[in-house]
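> Okay, sequence plus prediction incoming.
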Amino acid sequence: MNHTVMQIYRFRPIPGVQESDLLRQSAAVDRLLLGAEGFLYRTLARVDAQQWQDVVYWKDNEAHAAVEPLMADEAFEAWMDMLDLDTVVATKATVVSHICPSKQPLRA
């Protein structure tokens with residue numbers, strides 16, 4: 001049975017990166033992901049004044065593995081250039097249960 005996969009990234013931007021710049025480049029990554037087979041959705045959240053969390057949901061492991069070529073795209077590379085790579089913690093998890101009462105987007 002194929003299960004939804006979520007990739008969770010916790011990070012801090014490099015010093016000097018403004019929130020507006022981070023959000024603008026995140027939107028460029030969103031456009032890239034929207035064209036990826038098996039991409040379900042992505043959320044970006046501010047944990048605190050310095051730390052962020054990025055969660056990407058994929059249809060299954062096969063879809064998640066197919067994202068590798070996207071990492072060479074300049075939009076993704078520009079996103080990664082904004083992150084303090086020493087602070088990035090990545091976790092992959094298999095979703096075993098979820099509930100989504102509405103297809104309406106959450107409001108920030």
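Sure thing, it's come through. Everything numeric in this text was worked out from a predicted model, so none of it was measured. Residues are numbered from 1 along each chain as shown.
> tell me how far the longest helix seen in the chain is from the chain's mean position?
For the chain, the helix with the greatest residue count under DSSP state H is helix 19-34. Relative to its chain's centre, helix 19-34 lies at 10 Å (Cα atoms, centre = their mean, to the nearest Å).
> How about V88: what's its closest non-neighbour residue?
F11 (4.5 Å; Cβ to Cβ, 6 or more residues apart in numbering). For the C-beta atoms, the positions are set from N, CA and C on the backbone; glycine is no exception.
> How many residues are close by L22?
Around L22 sit 17 other residues, with neighbours defined as other Cβ atoms under 10 Å.
> now this protein, which segments are flagged as low pLDDT?
Scanning the chain for pLDDT under 70 picks out 1, 102-108.
> so where do the helices sit in it?
19-34, 61-65, 74-81.
> these two touch, right, D84 and I14?
Yes: counting by Cβ atoms under 8 Å, D84 touches I14, with 4.9 Å between them.
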